[in-house]
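J.: coords please:
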Amino acid sequence: MAKLTQAQLAARWYVSPRTLEQWRWLGKGPRFLKIGARVLYDEAEIEAYEAGQVCQNTHGPLDPGRG
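T.: Sure, this is the predicted structure:
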């Protein structure tokens, strides 16, 4: 499984690395691996998080039961 750094994920999503730092602090975003000061994101976790963010309208993500 591929792992992405904070910088790589920030580039993928067109957000700042600081945004990802804030999300981790707030418990938002995809799950991550932290070893010492290094943070890595597993590609499968990223894809699962992205799938959960798919929206039909501006009210938020789709209900998983309504796919």
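
J.: which strand runs longest in this protein?
T.: Ranked by residue count, the top strand of the chain under DSSP state E comes out as strand 38-42.

J.: output stretch 32-39 as CSV, nothing but the C-alphas.
T.: Extracted in CSV, the C-alpha atoms of stretch 32-39 (Å, rounded to 0.1, in the frame of the first residue of the first chain):
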residue,chain,number,x,y,z
PHE,A,32,-3.0,8.7,9.5
LEU,A,33,0.1,7.0,10.8
LYS,A,34,2.4,8.9,13.1
ILE,A,35,5.9,7.7,13.8
GLY,A,36,7.8,10.2,15.8
ALA,A,37,7.3,13.5,14.1
ARG,A,38,6.6,11.9,10.7
VAL,A,39,3.0,11.7,9.5
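
J.: off-centre distance for that stretch?
T.: Centre-to-centre, stretch 32-39 and its host chain are 15 Å apart (CA atoms, centre = their mean, to the nearest Å).

J.: name the residues of the next helix or strand after the longest strand of the chain that are buried.
T.: Next along the chain after strand 38-42, taking DSSP states H and E as the criterion, comes helix 43-52. Buried residues in helix 43-52, counted by 16 or more other CB atoms under 10 Å: 45, 46. For every residue, glycine as well, the C-beta is placed using N, CA and C.

J.: try stretch 50-59
T.: Buried residues in stretch 50-59 (16+ other CB under 10 Å): none.

J.: export it as PDB, just CAs?
T.: Output in PDB follows, covering the C-alpha atoms of stretch 50-59 (Å, rounded to 0.1, in the frame of the first residue of the first chain):
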ATOM      1  CA  GLU A  50     -12.800  10.700  -0.300                       C
ATOM      2  CA  ALA A  51     -15.600   8.300  -1.000                       C
ATOM      3  CA  GLY A  52     -17.300   9.400   2.200                       C
ATOM      4  CA  GLN A  53     -17.200  13.000   1.100                       C
ATOM      5  CA  VAL A  54     -19.100  12.600  -2.200                       C
ATOM      6  CA  CYS A  55     -22.000  15.100  -2.200                       C
ATOM      7  CA  GLN A  56     -25.300  15.300  -4.100                       C
ATOM      8  CA  ASN A  57     -26.000  18.900  -2.900                       C
ATOM      9  CA  THR A  58     -24.600  21.500  -0.600                       C
ATOM     10  CA  HIS A  59     -26.200  19.900   2.500                       C
END
